[in-house]
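Participant: what's the 3D shape of this:
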Amino acid sequence: MDNKKLTPTKLVLPVMFAFAGLFGCSQDNELAEPSSQLSQSATSAVTGATNSKISFRSKHYIVLSTGEKLPAGLANNLAAANGQVTSLMTEAGVATVYSDDPAFAAKAGKIAGVRSVVRDLNIQWFNPEDEKIITLEDFGTPPASGDNDRYFDLQWGHAAIKASEAWNTGVRGEGVRVAVLDSGFDLDHPDLAPNIDMAASKNFVVGEQLGYALPGVGSHGSHTAGTIAAADNGIGIIGVAPQAKLILVKVLRDSGSGAFSWIMDGIIHATNQGADVINMSIGAALPRNGKFLDDNGTPDDPSDDFIVSDTKATQELLVALSRVTSYATKNGVTVIASAGNEANDGNVDKSLVHLPSGSTGVISISATAPRGWALNPYSTFMDHLASYSNYGTSDVHFAAPGGDYQYPGNEIVTIGGVRQYAYVFDYVFSAGSNLAPGTASYYWSVGTSMAAPHATGVAALIISKNGGSMNPAQVLAKLRESADDLGKPGRDPQYGYGRVNAFRAVTN
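Facilitator: I've put the predicted structure just below:
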């Protein structure tokens with residue numbers, strides 16, 4: 001499959017009905033709710049969205065040094081202050097510590113070379129129940145399907161960024177390593193397994209494994225990884241960079257929650273494992289006023305005692321994460337993250353800071369989508385700013401396909417043998433997990449979480465074209481010069497420098 005050519009017209013509708021009964025695929029799944037009945041649930045189903053459920057993590061601390069590196073002997077000094085070191089990010093000047101001593105922060109703050117000690121955060125990054133819009137399951141492994149992987153027709157995002165045209169130049173991501181920081185992954189999914197570097201992959205979530213383990217079809221991590229680098233193997237979907245290698249880093253629980261410190265650990269690990277690109281389809285909107293929930297309290301108690309005000313915590317967490325992302329970029333890693341899904345205008349509302357997209361050196365991606373693509377795949381405009389996407393001149397670097405639920409009609413359409421409401425096809429289709437070995441699952445989802453992987457795939461193609469190694473500043477420059485400049489000329493609040501274009505990125 002490495003040398004096959006895909007013409008632009010084969011991105012959509014080349015064999016609409018031809019393979020409908022050949023692959024043992026269950027196409028009798030129920031139709032999604034009509035769009036007129038879906039507005040409320042669809043809004044909550046946007047993945048990669050920030051969430052108001054942010055709380056201080058009891059007895060867990062983040063320690064920042066005064067310099068870029070941790071001072072010698074810090075672990076011993078923290079132990080003397082009744083702290084148990086859980087992670088030393090020496091290269092970034094950050095450490096994480098557990099302590100049941102209420103006075104630990106005060107004691108540790110007096111250690112020579114320590115800048116600050118703040119509480120770690122727990123964040124509910126997304127709800128996996130919300131993201132399961134509609135699913136497909138695969139039973140059996142069919143032979144290679146020539147130019148058409150079974151569900152490639154559903155991947156309108158690849159058409160929007162001209163992925164197949166980029167592949168036809170011979171650039172498919174070979175020699176590039178992409179780290180995906182996310183929740184659990186379907187490790188034996190036939191579209192993902194060929195490209196996973198298991199030796200470099202790692203789990204940072206206490207009490208869970210790298211593999212996705214929640215019942216039902218889901219797996220936010222599998223979805224994002226599939227968009228980036230699903231293998232071109234004639235089975236299901238194809239990633240934007242189908243020959244790139246995947247370093248899977250689990251930094252969120254399968255339930256969608258995770259500690260702030262796990263993400264920093266994941267970035268350091270990916271960097272040290274030789275990642276060329278890091279994708280973070282995750283996001284948290286931290287209040288600049290520093291008002292957080294405290295998980296020492298009772299979540300059901302509405303009293304003000306459950307709210308902790310700590311402006312310094314916000315400032316220092318920003319510094320900590322920016323140190324880690326700076327370490328990555330200084331070591332040759334291009335870092336990409338979703339811009340967030342609050343439909344927030346960063347030019348007007350500055351009460352929140354979005355992380356990790358707002359951290360130093362991180363490329364932030366807003367989401368685009370068609371409206372009724374399935375009704376006219378060849379000519380439908382696919383670059384509307386998604387209704388939920390955050391935007392703002394300084395908040396967005398580029399746009400990429402993320403899907404949307406704005407099409408109002410209830411027409412039923414068949415694309416590539418799949419029968420669904422037309423609005424469903426405006427979502428992003430990628431890999432999922434149903435916990436059954438040897439059974440491939442897929443689902444549609446919507447969000448800037450889906451946009452970032454498209455941009456990450458293009459970055460991987462750029463680096464591959466350059467021989468497999470490239471300075472992040474050069475990658476950013478190439479993304480800028482090759483993007484389709486939508487909206488106002490130059491950098492604008494909705495699209496940043498433009499919607500990424502894979503073909504131009506490897507040919508300009």
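
Participant: For Ser65, give the beta-bridge partners.
Facilitator: Val114 (DSSP bridges).

Participant: measure it to Val413 for me?
Facilitator: Noted for Ser65: a distance of 57 Å to Val413, by CB to CB, to the nearest Å. C-beta here means a position set from N, CA and C on the backbone, and glycine is covered the same way.

Participant: Those two: which has the busier surroundings?
Facilitator: Ser65 (22 against 19; other CB atoms under 10 Å).

Participant: That one touches Ile111, doesn't it?
Facilitator: No: using CB atoms under 8 Å, Ser65 makes no contact with Ile111, being 9.4 Å away.

Participant: Now do the shared contacts for those two.
Facilitator: Residues within reach of Ser65 and of Ile111 at once, by CB atoms under 8 Å, 6 or more residues apart in numbering, are Leu74.

Participant: List the residues that contact Ala400.
Facilitator: Residues near Ala400 by CB under 8 Å, 6+ apart: 157, 161, 365-368, 451-452, 454-455, 458, 499-500.

Participant: did I read that right, it in a strand?
Facilitator: Yes: the assignment for Ala400 (DSSP: H, G, I helix; E, B strand; the rest coil) places it in a strand.

Participant: residue boundaries of the strands in the stretch 1-150 of the chain?
Facilitator: 25-26, 54-65, 84-89, 94-98, 114-124, 134-138 (DSSP state E, counting those that start in this stretch).

Participant: mind exporting the fifth one as PDB, just the C-alpha atoms?
Facilitator: Extracted in PDB, the C-alpha atoms of strand 114-124 (Å, rounded to 0.1, in the frame of the first residue of the first chain):
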ATOM      1  CA  VAL A 114      12.900  26.800  45.300                       C
ATOM      2  CA  ARG A 115      10.900  29.500  43.600                       C
ATOM      3  CA  SER A 116       7.400  28.300  44.600                       C
ATOM      4  CA  VAL A 117       5.300  25.400  45.800                       C
ATOM      5  CA  VAL A 118       1.700  25.100  44.600                       C
ATOM      6  CA  ARG A 119      -1.000  22.400  44.700                       C
ATOM      7  CA  ASP A 120      -1.400  20.100  41.700                       C
ATOM      8  CA  LEU A 121      -4.800  20.100  39.900                       C
ATOM      9  CA  ASN A 122      -7.300  17.400  39.100                       C
ATOM     10  CA  ILE A 123      -9.300  18.200  35.900                       C
ATOM     11  CA  GLN A 124     -12.200  16.500  34.200                       C
END
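
Participant: now it and strand 94-98, what's the angle there?
Facilitator: On the basis of axes from the mean of the first three to the mean of the last three CA atoms, to 10 degrees, strand 114-124 is oriented at 70 degrees to strand 94-98.

Participant: Same question for the second one.
Facilitator: In terms of direction (the same axes, to 10 degrees), strand 54-65 departs from strand 94-98 by 120 degrees.

Participant: starting at the chain centroid, how far to strand 54-65?
Facilitator: 24 Å (CA atoms, centre = their mean, to the nearest Å).

Participant: Please identify the buried residues of it?
Facilitator: By neighbour count on 16 or more other CB atoms under 10 Å, the buried set for strand 54-65 is Ile54, Ser55, Phe56, Arg57, Lys59, His60, Tyr61, Ile62, Val63, Leu64, Ser65.

Participant: what do you get for stretch 335-344?
Facilitator: For stretch 335-344, by 16+ other CB under 10 Å, it's Val335, Ile336, Ala337, Ser338, Ala339, Gly340, Asn341, Glu342, Asn344.

Participant: go on, stretch 102-111?
Facilitator: Phe104, Ala105, Lys107, Ala108, Ile111.

Participant: which regions of the stretch 351-500 of the chain sit below the pLDDT cut-off?
Facilitator: For the stretch 351-500 of the chain, applying pLDDT under 70 flags no range at all.

Participant: Switch the buried residues of stretch 102-111 over to TSV; also include pLDDT and distance to Gly358.
Facilitator: Formatted as TSV, the buried residues of stretch 102-111 follow (pLDDT from 0 to 100; distance: CB to CB, whole Å):
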residue	pLDDT	distance to Gly358
Phe104	98	29
Ala105	97	25
Lys107	98	31
Ala108	98	27
Ile111	97	29
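
Participant: and those, which of them are in helices?
Facilitator: Phe104, Ala105, Lys107, Ala108 (DSSP state H).

Participant: Please list the outside residues in contact with stretch 479-499.
Facilitator: Contacts for stretch 479-499 (CB under 8 Å, 6+ apart): 160-161, 345-347, 363-364, 366, 368, 383, 385, 389, 391-393, 395-400, 455, 458-459, 462, 500-501, 504-505, 508.

Participant: which residues of the stretch 101-250 of the chain fall in helices?
Facilitator: 104-108, 128-131, 156-160, 163-167, 220-229 (DSSP state H, counting those that start in this stretch).
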